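[1] The sequence isn't on hand, but the structure is:
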């Protein structure tokens, strides 16, 4: 089946690291993604990882992929107020590379 | 600078009254997508166009139709909106289909059904 699960809320103090976790069910996913949605805006692709990689780092963002456990995480170092948003985990599946999204994790930054 | 434009940003319609949402893109991308996103839910793909080739998701209700008169524009028609169709509707584009291709999203149109 197609399912992407992530927790709905996360609160982090400004300056700390945020870790957003996600699990997925389709072991044939080729790419896994993290999208960011700010209030009133569309989804913005933050980063993605190919399924044969374990880790990808891009400035403050680190993506870890555990393919055995079908677990994906996004770590945001030195979390800032501008990081406040909803973060969607997503996987591409099937012959058509359809993207399946999770419900999103709302990241709240505490002062 | 806006690459994927959706109009209007907010749309109010009455129960059963047809409504059309529009999307345009300046990227000259081949693929355009329509997603439905209900509150606290994941965006759900309704259909997509690869050029003029229309691809409907199996569980998209017949109430939802789409038109793509040219590369730049794509419309979502809801023939008889019900209260359950109130949602954010997101348009996205990609250069070609495939998981390596980034999908670029518009800001969405929030539909309210009275």
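    Here it is on my side, so go on. Since the model is a prediction, treat every value here as computed from it, not as a measurement. Numbering: from 1, shown residues only, chains lettered A, B, ... in the order given.

[2] Which parts of chain B are strands?
    Secondary structure of chain B (DSSP state E): strands at B:4-7, B:10-13, B:19-25, B:31-37, B:44-50, B:53-56, B:64-67, B:73-78, B:87-94, B:104-105, B:109-113.

[3] Including mean pLDDT and distance to chain A, could the ones you listed go into JSON lines?
    All C-beta atoms are positioned from the backbone trio N, CA, C, and that covers glycine. Listed next are those as JSON lines, based on pLDDT from 0 to 100; distance: least, Cβ to the nearest Cβ, whole Å:
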{"stretch": "strand B:4-7", "mean pLDDT": "93", "distance to chain A": "7"}
{"stretch": "strand B:10-13", "mean pLDDT": "95", "distance to chain A": "10"}
{"stretch": "strand B:19-25", "mean pLDDT": "97", "distance to chain A": "11"}
{"stretch": "strand B:31-37", "mean pLDDT": "94", "distance to chain A": "8"}
{"stretch": "strand B:44-50", "mean pLDDT": "92", "distance to chain A": "6"}
{"stretch": "strand B:53-56", "mean pLDDT": "89", "distance to chain A": "7"}
{"stretch": "strand B:64-67", "mean pLDDT": "95", "distance to chain A": "16"}
{"stretch": "strand B:73-78", "mean pLDDT": "96", "distance to chain A": "15"}
{"stretch": "strand B:87-94", "mean pLDDT": "94", "distance to chain A": "6"}
{"stretch": "strand B:104-105", "mean pLDDT": "90", "distance to chain A": "3"}
{"stretch": "strand B:109-113", "mean pLDDT": "96", "distance to chain A": "9"}
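
[4] Export these as CSV, with columns for mean neighbour count and distance to residue A:36.
    Formatted as CSV, the strands of chain B follow (neighbours: other Cβ atoms under 10 Å in any protein chain shown; distance: least, Cβ to Cβ, whole Å):
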stretch, mean neighbour count, distance to residue A:36
strand B:4-7, 18, 16
strand B:10-13, 14, 22
strand B:19-25, 19, 20
strand B:31-37, 23, 14
strand B:44-50, 19, 19
strand B:53-56, 13, 27
strand B:64-67, 18, 27
strand B:73-78, 19, 24
strand B:87-94, 24, 14
strand B:104-105, 22, 11
strand B:109-113, 18, 19
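
[5] Sketch out the low-pLDDT regions of chain A for me.
    Across chain A, the ranges flagged by pLDDT under 70 are A:1-2, A:95-96.

[6] Up against chain B, what does chain A have?
    A:4, A:8, A:30-31, A:35, A:40-45, A:88, A:92, A:96-104 (Cβ under 8 Å from any Cβ of the partner chain).

[7] and those residues, which are buried?
    A:4, A:30-31, A:35, A:42-43, A:88, A:92, A:97-104 (16 or more other Cβ atoms under 10 Å in any protein chain shown).

[8] So which of the residues you listed are in strands?
    A:4, A:31, A:35, A:43, A:88, A:92, A:98-101.
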